[in-house]
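Q: kindly generate the corresponding structure for this input.
(2 chains)
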2 protein chains.
Amino acid sequence: MSEADVAVVGAGLAGLVAARELRAAGASVAVLEARDRVGGRTLNEPLGDGQVVEVGGQWLGPTQDRIAALAREVGVDTFSTHVTGARLIEFDGRLRRYTGRIPRIGPAVLADVQQAMLKLDRLARRVPLDAPWEAPRAEHLDSQTLWSWMRRNVYTRGGRALLELATEAVWAAEPAEISLLHILFYIHSAGRFEVLLETEGGAQQDRFVGGSQLVSLRMAEELGDAVELSAPVRRIEHSSDGVLVVADGGEIRARRAIVAIPPPLCGRIAYDPPLPGYRDQLTQRMPQGSVIKCMAVYDAPFWRDEGLSGEATSDAGPAKLTFDNTPPSGSPGVLVGFLEGARARQYGRFTPAQRREAVLKGFARLFGDRAGRPDRFIERAWADEEWSRGCYGCYMPPGGWTQFGQALRTPIGPIHVWSGYMDGAVQSGQRAASEVLSALGSAVVPTG
Amino acid sequence: MSEADVAVVGAGLAGLVAARELRAAGASVAVLEARDRVGGRTLNEPLGDGQVVEVGGQWLGPTQDRIAALAREVGVDTFSTHVTGARLIEFDGRLRRYTGRIPRIGPAVLADVQQAMLKLDRLARRVPLDAPWEAPRAEHLDSQTLWSWMRRNVYTRGGRALLELATEAVWAAEPAEISLLHILFYIHSAGRFEVLLETEGGAQQDRFVGGSQLVSLRMAEELGDAVELSAPVRRIEHSSDGVLVVADGGEIRARRAIVAIPPPLCGRIAYDPPLPGYRDQLTQRMPQGSVIKCMAVYDAPFWRDEGLSGEATSDAGPAKLTFDNTPPSGSPGVLVGFLEGARARQYGRFTPAQRREAVLKGFARLFGDRAGRPDRFIERAWADEEWSRGCYGCYMPPGGWTQFGQALRTPIGPIHVWSGYMDGAVQSGQRAASEVLSALGSAVVPTG
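A: Model (predicted):
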């Protein structure tokens, strides 16, 4: 049993940031992490020679100032995602190269996608980031899926296929599953839909030298003994006197607790007294998306020699999106592909060998036979991870924001700007720390 | 530490039925129940003089043959819900009496509701109960909310209000939250939508003498020491050798385990090895509905003297539906009202005194001043209950059946006919027992 001013549950980005800020403000902290490592949904995989790729979150983009500032503070540099060269699009059975942002597909489909994204961007601007349920016609927007909206507002089959692909890429779920209001809230947090999809100027613009997990590793190093690994929290007893956080192998008594884990996992901790029903039912209604991230490692990024950037979109998949994920040194060559939403669920039930074969077949179709014969294949199915249970983040199904949104705000309001991105995690950690410091909240302060 | 052939998690109806059937077939069982009582979402509340009302599930209807047979076997009689007298409908600010099934509201609204329910009934017949995702156009039906369907197929404002009320009454959630495919699956399981709503000839037709929990209490009596109360299961270790079920205060080693608790709570047990991602993600996507059941107890059912049945529908609420819930002896008089869906969430955040006042004000508007002055007021907010976390049952949001339905079937396929009703619980317990007896399944067999 040990004591601290604040117990932090979870040593992902949000939890570590909260702990770091609290300590900087003079509070003592104890961070309990279920895994035997820090970083949550960021995780480096060594490639040898000190080089790494990330099997979890890896990118940062413009306006994500919090994660950028944090990286600078802990001495982690960034570099640009490789974008030189032509992109590929495989659509309706045809594979084409193009340069710039406009894929080579029929102009009717292109115009259709553009007008739909513009409409969404316009609607999104009216959704308050701190209270989506107060948007004009919030109930109307929250009572339908994105799929239903697309039926009325996207006119071509191709346009629908591309928007579905874009939805999977951002939310790791299908248009059928997500509330239109949630889509709009999320687009507003980024500014425009396209920003969420782009490399240059978008959410995939930059990468971390040494891998995104390095940011968490550095913070954990600073925090030293305050971070306890392999200590899954099972129970939180709380009263006006403070909290007792019970983990496998130890207990922390603290004045306050910050629960910095995804909402569905918040519901898996036992609370004494139990969470109010309204808050508990939220944890039954904010599911994590579904992603399997796959990487193929080659001796060199051979596609660059062929004038390709490594970025590809494919309606055939199974990885519908690929990027060049080569380390900044330029070697080895790494292609990354994502199985998202329906594909993640389907291929998640295959054996690793079956998945590898299917994904590499897709890579070979896009980048040639050589892409089908990597030196190494790395994959991570985030739904299988006991302490994440999905990726990239949680989304709201229809009715979620209007019926349960206020449960997220009480006692504090997290998951706002760039939620689901590392920047959002940093922000939520900062907010939790500041809330605790103001000693406003209740004894248990969930961030997620 | 004790041993059994089969460990059963949860002593609700499903778990007890499974245990009873297993024992009847010669297997030894151990039932671990988190609460200090059996019966799950059925719970008797004493009224004095040996009489009871139920604060949880209470009705059974035609075709629910399994629960009826079980009640007979354990010696629990049934009686008819009191329906003699006129019904009330409060709609658009007007309160009216009527007899028969057709409420006194405008013929255009009535016709609108009728045509919509007929359409739903017809669509429902094509949804296979054992595999809703194989319905014709399943993806189409599962990609939209019931709200979206109503926008296109219900033409009057009044018709929409009444269907919303009916939806809340059956699913304890809003049309905005539920997949159209789930609605159809559920209607098919009952035959027709109206059957779900009716007393005579419908799901609210009959009641249990001595209260519905008596069925579980009798089974628990038969099972004797095999039922362990106040033993919440925290972890299930499993391998080809069997299972180790770890509860507060004890462990059971068994050849197989049956997890007979609602899907969202299944996800809150720690499994070693962890559940596959596909199954875990289902538990993030089958939320419990939201209900607060309220009862007012009077010296006598005075409304009967005024020619009223006690059954009322109100668009003002907060209890939008009421019934006569007097014990079979005819005294004391009991009115029951339900806060469902949005109302349950809203009033769930009020104090008990505020709720009581609001509900009784509604009762008084419907049944006169005397209804506002009961001898006793009894309520139960099922979302607050740590070991239920909602009521009546779980529903599927859009995308649920088509993306995750097969996770429910693997290793076994429960929650089929009359799911959410006691009959469905009996069926799922029977199926789990039979599956375990055939020694087909894996070591851990979730029923919910």
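Q: what's across from the closest residue to residue A:80 other than its chain neighbours in the sheet?
A: For residue A:80, ignoring the flanking residues on the chain, the nearest one in space by CB to CB, 6 or more residues apart in numbering or on different chains is residue A:206 at 5.9 Å. Yep, even glycine has a C-beta here, placed from its N, CA and C like the rest. Note on residue A:206: beta-bridge partners residue A:60, residue A:80, judged by DSSP bridges.
Q: how close does residue A:181 sit to residue A:379?
A: For residue A:181, the distance to residue A:379 (CB to CB, to the nearest Å) stands at 33 Å.
Q: isn't the residue nearest to residue A:80 up against residue A:77?
A: No - applying CB atoms under 8 Å, one finds residue A:206 not in contact with residue A:77, separated by 9.9 Å.
Q: hang on, the earlier thing: quick one, what contacts the residue nearest to residue A:80?
A: Listed by CB atoms under 8 Å, 6 or more residues apart in numbering or on different chains, the contact set of residue A:206 reads A:59, A:60, A:61, A:78, A:79, A:80, A:81.
Q: burial measure for the second one, as a count.
A: A total of 26 residues lie near residue A:60 under the criterion other CB atoms under 10 Å in any protein chain shown.
Q: correct me, but it touches residue A:70?
A: No - the pair residue A:60 and residue A:70 does not pass the contact test of CB under 8 Å, sitting 10.1 Å apart.
Q: any idea of the pLDDT on residue A:424?
A: At residue A:424 the predicted local distance difference test score is 68.
Q: could you list the low-pLDDT ranges of the stretch 301-448 of chain A?
A: For the stretch 301-448 of chain A, residues meeting the criterion pLDDT under 70 lie at A:409-424, A:435-448.
Q: ok so, going back, more neighbours, residue A:181 and residue A:379?
A: For residue A:181 and residue A:379, the more surrounded residue by other CB under 10 Å is residue A:181, and the numbers stand at 30 against 17.
Q: report the contact partners of that one.
A: By CB under 8 Å, 6+ apart, residue A:181 lies in contact with A:127, A:132, A:133, A:135, A:138, A:141, A:142, A:396, A:401, A:402.
Q: and chain B, which of those residues reach it?
A: When CB under 8 Å from any CB of the partner chain is applied, the members of these adjacent to chain B are A:142, A:402.
Q: for the contacts of residue A:181, work out which two are farthest apart.
A: Using CB to CB, the contacts of residue A:181 reach their maximum pairwise distance at A:135 and A:396, which is 12.9 Å.
Q: which helices and strands does the longest helix along chain A pack with?
A: Using DSSP state H to define each element, chain A has its longest helix at helix A:107-124. Helices and strands touching helix A:107-124, by 3 or more CB pairs under 8 Å, 6 or more residues apart in numbering or on different chains; DSSP states H and E, are helix A:146-153, helix A:157-171, helix A:180-190, helix A:193-197.
Q: what distance do you get for the residue nearest the centre of chain A to chain B?
A: With the centre of chain A defined as its mean C-alpha position, the nearest residue by CA atoms, centre = their mean is residue A:392, 3.0 Å away. The spacing between residue A:392 and chain B, counted by CB to the nearest CB, to the nearest Å, is 14 Å.
Q: now do the strands in the stretch 151-300 of chain A.
A: A:206-208, A:227-228, A:233-239, A:242-247, A:250-259, A:270-272, A:291-298 (DSSP state E, counting those that start in this stretch).
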